[in-house]
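Visitor: What shape does this take:
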Amino acid sequence: MTTNPAPAFAAIMFLTGVGIPILAALNGGLGARLGSPLAASVVLFGLALAIALAGAALTGSLGAIRVGGDIPFAFHFGGLFVAFYVIAVTFIAPRFGVGNAIFFVLVGQLASAAVIDHFGLFGSLRYPIDARRIAGIALMVAGVWLARRVG
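Guide: Predicted coordinates for the structure are as follows:
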């Protein structure tokens, strides 16, 4: 008997989502205290690298680390997007508000995820955009807009 992993996956991704605004607030505060969003980002990535290396060592995955070869070049750019996100949110969240910063991140994620799913980009599962999905995304964007309104 196989179990459906979807509930566990959903819970893990929910917790990941919970962590994103916390990351923004903590790293924004660290950047303010250090006087440099870039210095705070270096601290964050240093800790993240240590955790990833420990995890890879514990699972025997260190030998799988490689760049190039049979791996398409585009797959190496994930770190670029993570760095852009962390540096941007570390700089902007203390000046714009964590909620505002994350709400706009959510709208960007919705648009990007829909395009990636629609075309099955980067080897992802393909879920074409249809009227129901457009309506759902529009409702989510409207919800984000309403949630970030002030006054």
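Visitor: Now do the host helix or strand of residue 110: which elements does it pack against?
Guide: Secondary-structure assignment from DSSP states H and E places residue 110 in helix 98-119. Judged by 3 or more Cβ pairs under 8 Å, 6 or more residues apart in numbering; DSSP states H and E, helix 98-119 is in contact with helix 6-34, helix 78-96, helix 131-148. Quick note: C-beta positions are derived from backbone N, CA and C, even for glycine.
Visitor: mean pLDDT for those helices: which is lowest?
Guide: Here the lowest mean pLDDT among the helices and strands packed on helix 98-119 goes to helix 131-148, at a mean of 87.
Visitor: Let me have the helices and strands packed on helix 98-119 in a markdown table, adding mean neighbour count and distance to residue 112 as columns.
Guide: Converted to a markdown table, these look like this (neighbours: other Cβ atoms under 10 Å; distance: least, Cβ to Cβ, whole Å):
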| stretch | mean neighbour count | distance to residue 112 |
| --- | --- | --- |
| helix 6-34 | 14 | 15 |
| helix 78-96 | 16 | 10 |
| helix 131-148 | 12 | 11 |
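Visitor: Could you take those helices and lay them out as CSV, with extra columns for distance to residue 69?
Guide: CSV is the format used below for those (distance: least, Cβ to Cβ, whole Å):
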stretch, distance to residue 69
helix 6-34, 30
helix 78-96, 17
helix 131-148, 36
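Visitor: hang on, the earlier thing: figure out how far the helix holding residue 110 is from the centre of its chain.
Guide: Centre-to-centre, helix 98-119 and its host chain are 9 Å apart (Cα atoms, centre = their mean, to the nearest Å).
Visitor: can you give me the mean pLDDT across it?
Guide: On average, helix 98-119 scores 89.
Visitor: distance of the nearest residue to residue 126 once chain neighbours are set aside from residue 26?
Guide: Counting by Cβ to Cβ, 6 or more residues apart in numbering, residue 126 lies nearest to residue 120, which is 3.4 Å off, once chain neighbours are set aside. With distances taken as Cβ to Cβ, to the nearest Å, residue 120 is found 35 Å from residue 26.
Visitor: quick one, phi/psi of the residue nearest to residue 126?
Guide: Recorded main-chain torsions at residue 120 are phi 60, psi 40, according to degrees, to the nearest 10.
Visitor: Run a quick neighbour tally on it.
Guide: Other residues within reach of residue 120, judged by other Cβ atoms under 10 Å, total 12.
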